[in-house]
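Trainee: Sequence and predicted structure, then a few things I'm wondering about:
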Amino acid sequence: MTVHHQRRSRLRDALSEDVPSVFVTRDLASVRYLTGFSGSNATAVIGTDEVHLITDGRYREQAHHDSPDVAAVIDRDVVGALRGLCTGQEVGLDDRTPMGLAQQLTEAGLTVRAVADPVAPLRMVKDPQELDALSRAGGITARALEQVADTIAVGDREADVARRLEAAFAEWGADDRAFATIVASGENSALPHHRAGDRPLATGDLLVIDCGAKVDGYHADMTRTFVVGAEPNEWQQEIHSLVLQAQHAARDAVAPEVVAGDIDAAAREPLTRAGFGEAFAHGTGHGVGLEIHEQPMLSALSSAVLPEHAVVTVEPGIYLPGRGGVRIEDTVVVAHAPQVLTEMQRGLTRVG
């Protein structure tokens, strides 16, 4: 029995009796989770006894390679293919399915009903194969960042550092980057999602690098903050020390059965106490896996309860517009003894 067969069995067990007998999802990450197929056009049809994968002719061979225990249906007409597979059965559509498809299926004579996504809760709990891929992705990310940090020099462009880091991911064995690498220097470091650009690194800059490697479809995510070409000054040391305290408090709070909002509160407490609460303007973290942002979200409003073997980021920050910012982030496995997958020193060190 393949790992994907086991996941589909868990899905069937999780579906309540009032859910339609056929579940359909076009979410590519969920399709990959359930079938192993990694193409860009896919619909998974999960019946009580049969499983089908609808894709197009570009992926005929890949479908058989990625999903040998699933019946492939090669047809660009998804509505027609579903009509052929599901006539006479009520179809449960993942509630993220575009309304247009639901309408087309209804017009084709099928009985359809939107169901709350039953795959996302399963994907939160990583199985051993997933944990292995995430561990390798995290290790590659940390090693590559350590390697590239040693090469950074005053005058390098942000974009040059990003490209060197992404090349290092490949050298260490990653399949791809997990997302566009953030290299934010000087005043740009106060922008949480700055895109690496042409700005040259200057002496005394804070330098935030947020990066991740991808292995077997699974994403790592980590951030470290450096000072370029000089020792950190007093205000840089102050905000870095506070963010480090916040990150440590949040990582210590990560455990099974903990409410996600409580982890966010643990990160905010030292920053708010020091007067920097308003300077931390995003959530403390998020789940990672086949997508870079998955459930659960670690935010003030989140009531999600963390299951054992979920994998989340912990990433508090302080951002001071026009001056600079600090963020420290790790990817962490939820357990009674949490495991950090992106282990690397967290001090405010000089580069260049």
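Mentor: Noted; the coordinates are in hand.

Trainee: isn't S38 right up against K214?
Mentor: No - using Cβ atoms under 8 Å, S38 makes no contact with K214, being 11.4 Å away. For the C-beta atoms, the positions are set from N, CA and C on the backbone; glycine is no exception.

Trainee: Compare the two and say which is more crowded by neighbours.
Mentor: Taking other Cβ atoms under 10 Å, S38 and K214 do not tie; K214 has more neighbours (21 against 18).

Trainee: Report the secondary structure element holding that one.
Mentor: Counting by DSSP states H and E, the element that carries K214 is strand 213-215.

Trainee: What helices and strands are in contact with that strand?
Mentor: With contacts defined as 3 or more Cβ pairs under 8 Å, 6 or more residues apart in numbering; DSSP states H and E, strand 213-215 has these neighbours: helix 128-149, strand 176-177.

Trainee: what's the offset of that strand from the middle of its chain?
Mentor: Here strand 213-215 is found 11 Å from its chain centre; the criterion is Cα atoms, centre = their mean, to the nearest Å.

Trainee: got it, and stretch 328-337?
Mentor: The answer for stretch 328-337 is 13 Å, by Cα atoms, centre = their mean.

Trainee: need the helices and strands packed on strand 213-215 in TSV with mean neighbour count and distance to L85, can you?
Mentor: Below are the helices and strands packed on strand 213-215 laid out as TSV (neighbours: other Cβ atoms under 10 Å; distance: least, Cβ to Cβ, whole Å):
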stretch	mean neighbour count	distance to L85
helix 128-149	20	28
strand 176-177	18	33
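
Trainee: Which residue ranges of the stretch 201-350 of the chain form strands?
Mentor: 206-211, 213-215, 218-219, 222-228, 285-287, 294-298, 311-314, 317-320, 324-327, 330-333, 339-340, 349-351 (DSSP state E, counting those that start in this stretch).

Trainee: Including mean pLDDT, could those go into JSON lines?
Mentor: Below are those laid out as JSON lines (pLDDT from 0 to 100):
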{"stretch": "strand 206-211", "mean pLDDT": "98"}
{"stretch": "strand 213-215", "mean pLDDT": "98"}
{"stretch": "strand 218-219", "mean pLDDT": "98"}
{"stretch": "strand 222-228", "mean pLDDT": "98"}
{"stretch": "strand 285-287", "mean pLDDT": "98"}
{"stretch": "strand 294-298", "mean pLDDT": "97"}
{"stretch": "strand 311-314", "mean pLDDT": "98"}
{"stretch": "strand 317-320", "mean pLDDT": "98"}
{"stretch": "strand 324-327", "mean pLDDT": "98"}
{"stretch": "strand 330-333", "mean pLDDT": "98"}
{"stretch": "strand 339-340", "mean pLDDT": "98"}
{"stretch": "strand 349-351", "mean pLDDT": "97"}
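
Trainee: so which of those strands comes closest to K126?
Mentor: Closest approach to K126 among those is made by strand 311-314 (5.6 Å; Cβ to Cβ).

Trainee: sorry, back to before: right, and the helices and strands packed on strand 213-215 - which one's nearest V311?
Mentor: helix 128-149 (5.5 Å).
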